[in-house]
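*Asks:* next come a sequence and a model predicted from it.
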Amino acid sequence: MPNLSFRWRSRPDAAQLEHTIDQLRTENIRLRREVSSKDQYIGRLKFLCQERMTRIDDQRGQIEVAPR
């Protein structure tokens, strides 16, 4: 008969693992929301930057067309 020297996890160990898994799931959800929020923020900054560049280009065009 083979030597089965490993030890089976007892119920408290399984409960602790389940608790750890729940904590990690919660942390994962929190981090995903944080990343999503930062992605939205980056998207908004890109939009505002593009709007600003468009406005600057429009004003440059008006200055170049204006009679001196």
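*Replies:* Ah, there it is.

*Asks:* tell me which residue is most central in this structure.
*Replies:* Nearest residue to the geometric centre of the chain (C-alpha atoms, centre = their mean): V35, 1.1 Å.

*Asks:* now the helix or strand harbouring I56, how far from the centre of its chain.
*Replies:* According to DSSP states H and E, I56 maps onto helix 11-65. Distance, stretch centre to chain centre, for helix 11-65: 5 Å (C-alpha atoms, centre = their mean, to the nearest Å).

*Asks:* I'd like the average pLDDT over it.
*Replies:* The average pLDDT for helix 11-65 rounds to 94.

*Asks:* measure the residue nearest to the centre of the chain to Y41 for me?
*Replies:* Plainly put, V35 is 11 Å away from Y41 if you go by C-beta to C-beta, to the nearest Å. For every residue, glycine as well, the C-beta is placed using N, CA and C.

*Asks:* between the two, which contacts overlap?
*Replies:* Here V35 and Y41 have no joint contacts, going by C-beta atoms under 8 Å, 6 or more residues apart in numbering.

*Asks:* what's the pLDDT at M1?
*Replies:* So, for M1, pLDDT stands at 51.

*Asks:* make residue 1 into 59 and carry on from there
*Replies:* Got it, first residue is 59 now, which makes that one M59.

*Asks:* name the residues that touch stretch 96-115?
*Replies:* Contacts for stretch 96-115 (C-beta under 8 Å, 6+ apart): none.

*Asks:* buried sites along that stretch?
*Replies:* By neighbour count with 16 or more other C-beta atoms under 10 Å, stretch 96-115 contains no buried residues.

*Asks:* and the residue nearest to the centre of the chain, what is it in contact with?
*Replies:* Per C-beta under 8 Å, 6+ apart, neighbours of V93: none.

*Asks:* look up how far I121 lies from it.
*Replies:* Counting by C-beta to C-beta, the gap from V93 to I121 is 42 Å.

*Asks:* before we move on, what about D115?
*Replies:* Distance from D115 to I121, by C-beta to C-beta: 11 Å.

*Asks:* do the same with S95
*Replies:* Distance from S95 to I121, by C-beta to C-beta: 39 Å.
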